[in-house]
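S.K.: Quick check, what structure comes out for this input:
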Amino acid sequence: GYGGSDPFELPRPLDYMTREATQVLGPVLDRFGIEDAILLGHSDGATICAIYAGSVSDMRVRGLVLIAPHFFTEPDGLAAIREAGRQYEEGDLRTRLERHHDNVDNAFRG
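M.R.: From the prediction side, this is the model:
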């Protein structure tokens with residue numbers, strides 16, 4: 001939900017993925033009349049899918065495809081986040097991300 005999504009207020013609460021899973025995803029499935037679903041998510045989306053499947057009893061969900069969910073923090077991951085921040089501030093990462101995100105600052109800092 002970062003590419004063309006509306007900007008959101010920063011900083012996000014630490015439990016924003018849990019909120020998205022337990023308060024938003026079910027109503028989205030309802031709104032579109034989804035009767036059977038395999039939830040697919042990448043990164044934050046994968047974490048939201050996993051939280052939803054583990055927290056909400058929803059028989060519409062038949063399976064999950066999770067790509068790089070955030071289940072735990074590793075030193076290598078934290079180092080990569082620090083480096084990405086450096087590249088964003090000092091390198092060309094911000095420019096490279098502009099083609100994928102309408103509000104690149106909001107997406108990166110979110």
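
S.K.: can we go C-alpha only for contacts and neighbour counts from here?
M.R.: Fine.

S.K.: Can you show me the CA trace of the top helix by length along the chain as PDB?
M.R.: Scanning the chain for the helix with the most residues, using DSSP state H, yields helix 75-90. Output of helix 75-90 as PDB, limited to C-alpha atoms (Å, rounded to 0.1, in the frame of the first residue of the first chain):
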ATOM      1  CA  PRO A  75      21.500  -7.600  13.300                       C
ATOM      2  CA  ASP A  76      22.000  -7.900   9.500                       C
ATOM      3  CA  GLY A  77      18.600  -6.500   8.900                       C
ATOM      4  CA  LEU A  78      19.200  -3.500  11.200                       C
ATOM      5  CA  ALA A  79      22.500  -2.800   9.500                       C
ATOM      6  CA  ALA A  80      20.700  -2.900   6.100                       C
ATOM      7  CA  ILE A  81      18.100  -0.400   7.400                       C
ATOM      8  CA  ARG A  82      20.800   1.900   8.600                       C
ATOM      9  CA  GLU A  83      22.500   1.700   5.200                       C
ATOM     10  CA  ALA A  84      19.300   2.400   3.400                       C
ATOM     11  CA  GLY A  85      18.700   5.500   5.500                       C
ATOM     12  CA  ARG A  86      22.200   6.700   4.700                       C
ATOM     13  CA  GLN A  87      21.600   6.100   0.900                       C
ATOM     14  CA  TYR A  88      18.300   7.900   1.200                       C
ATOM     15  CA  GLU A  89      19.900  10.900   2.800                       C
ATOM     16  CA  GLU A  90      23.200  11.000   1.000                       C
END
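
S.K.: Give the other helices and strands that the following helix or strand past it contacts.
M.R.: Going down the chain from helix 75-90, the next helix or strand is helix 93-97, by DSSP states H and E. Under the contact definition 3 or more Cα pairs under 8 Å, 6 or more residues apart in numbering; DSSP states H and E, helix 93-97 sits against helix 75-90, helix 104-109.

S.K.: Nothing else from me, thank you.
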